[in-house]
Structure formats: structure tokens, C-alpha cells
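Asks: Sequence plus the predicted model coming up.
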Amino acid sequence: MSLLQPTRWGIAKLYRFPYFQTREAFLEANGSEAPPFTTSRPPKYWIDEEARNSSRRVVVYENAIAYAANGSPLVGPDGQPVVESLSMFREDAFTVNIPPVGTNVAGANQPDVPVPLRALTDEEELFFAMPGVVAVRLKSHQEPDRGFTEEDRSLLQAIARQLGLVV
């Protein structure tokens, strides 16, 4: 049995920094409580420990998915997800802002700060796996978009007849 290399995967594999889904996950990974959630700032689930030692006031990350105000990833003119640089104050870069789970906390429903991504290799590209869901795929394994064919239609009609759905 051969092991096949995946040809597509989620963007979490591109994250440059640890991502903490909950305050409990942060505690488990770091041995300390996450700072209290600040409602005036958007949720932020990742931390750049190296920013703590930076001499610069502002940290700039080259690659991050761009999101609209409603939290949806932006679509570029080529139909692919938009990637842009992300800048933030040094203190924000090395601090999480994770809302408590299971509560209706003001500000927790804001779009979260995007996680900086590593650069894509020459073989990788971002795409929409489905509307609003960004993923990564190998360019060499791109499936052609053939659309809905007559063979597809015939097959569905045959299935419908077998199920008694069509007279």
C-alpha cells in the first residue's frame, strides 16, 4: 500500500505561529492564563513570541489572508483569495486576545486578526475550496473544471428512475 501525498490541505499548515482555539488551549500550551479578553480589540488567537524582543514599535508580516469587515476572505480579480501584508503594534503581536468560550461577550463576534502565513512554495497556491473557505493546493494536481456534463445529467436521471423519483 503506497502513501499518497495530499494535493490539498487547510491553511492552518501555513500558519507561522501557534494558534490557540480557546483560552484553555492557551493555558495548556503555555502554562499561564491568557490575558483577559479586551472588547475594544478584535479577537486574536495566535502569538508571535519573537515580537516581544523586537526593537521596533510596529511588526510587519508579509503574508496574511485579507478579510472584509464581515470576516469573509476577499476575492481578487483572478477569483483567488487576496494575500496582503499585516502590520500591528509589537505589544499586540505577542499578546493573544481570546474571548471566553460559551459566553455572549461583546466584541467576541468581530472578525479575528488573521494569522501570518509562511510564503507559498512555487508548487502551492491558495484557492477557495468552497465559498468563504480558503485552502492550499498543489498547482500540478489541479483538476480541470469541466462543469456539469450531459453524462452527469444522464447518470442522475438513471438514479432518479431507480429510486422511483421520476416517472
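Replies: Nice, I can see it. Residues are numbered from 1 along each chain as shown.
Asks: Restricting to C-alpha, output whichever helix in the chain runs longest in CSV.
Replies: The longest helix of the chain (DSSP state H) is helix 150-162. Extracted as CSV, the C-alpha positions of helix 150-162 are listed here (Å, rounded to 0.1, in the frame of the first residue of the first chain):
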residue,chain,number,x,y,z
GLU,A,150,-24.5,15.5,-20.2
GLU,A,151,-23.1,12.3,-18.8
ASP,A,152,-23.6,13.7,-15.2
ARG,A,153,-27.2,14.6,-16.1
SER,A,154,-27.9,11.1,-17.6
LEU,A,155,-26.4,9.4,-14.5
LEU,A,156,-28.6,11.5,-12.2
GLN,A,157,-31.7,10.7,-14.2
ALA,A,158,-30.9,7.0,-14.1
ILE,A,159,-30.5,7.1,-10.4
ALA,A,160,-33.8,9.1,-10.0
ARG,A,161,-35.6,6.4,-12.1
GLN,A,162,-34.2,3.6,-10.0
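Asks: can you map out the strands along the chain?
Replies: According to DSSP state E, the chain carries its strands in the segments 8-10, 58-65, 83-89, 124-130, 133-138.
Asks: Give the buried residues for the longest helix of the chain.
Replies: Judged by neighbour count (16 or more other CB atoms under 10 Å), helix 150-162 contains no buried residues. Any C-beta I mention is one placed from the backbone N, CA and C, and that applies to glycine too.
Asks: State the mean pLDDT of that helix.
Replies: Averaged over helix 150-162, pLDDT sits at 81.
Asks: And stretch 88-98, by the same measure?
Replies: 96.
Asks: Now it: buried residues?
Replies: Met88, Arg90, Asp92, Ala93, Phe94, Thr95, Val96, Asn97, Ile98.
Asks: Make CSV from these and add distance to Thr149 to it.
Replies: Compiled in CSV, these are given as follows (distance: CB to CB, whole Å):
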residue, distance to Thr149
Met88, 48
Arg90, 55
Asp92, 51
Ala93, 50
Phe94, 53
Thr95, 52
Val96, 49
Asn97, 49
Ile98, 47
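Asks: on that earlier part again, how far does the longest helix of the chain sit from the chain's center?
Replies: On the basis of CA atoms, centre = their mean, to the nearest Å, helix 150-162 is displaced by 36 Å from the centre of the chain it belongs to.
Asks: ok, now stretch 107-120?
Replies: 7 Å.
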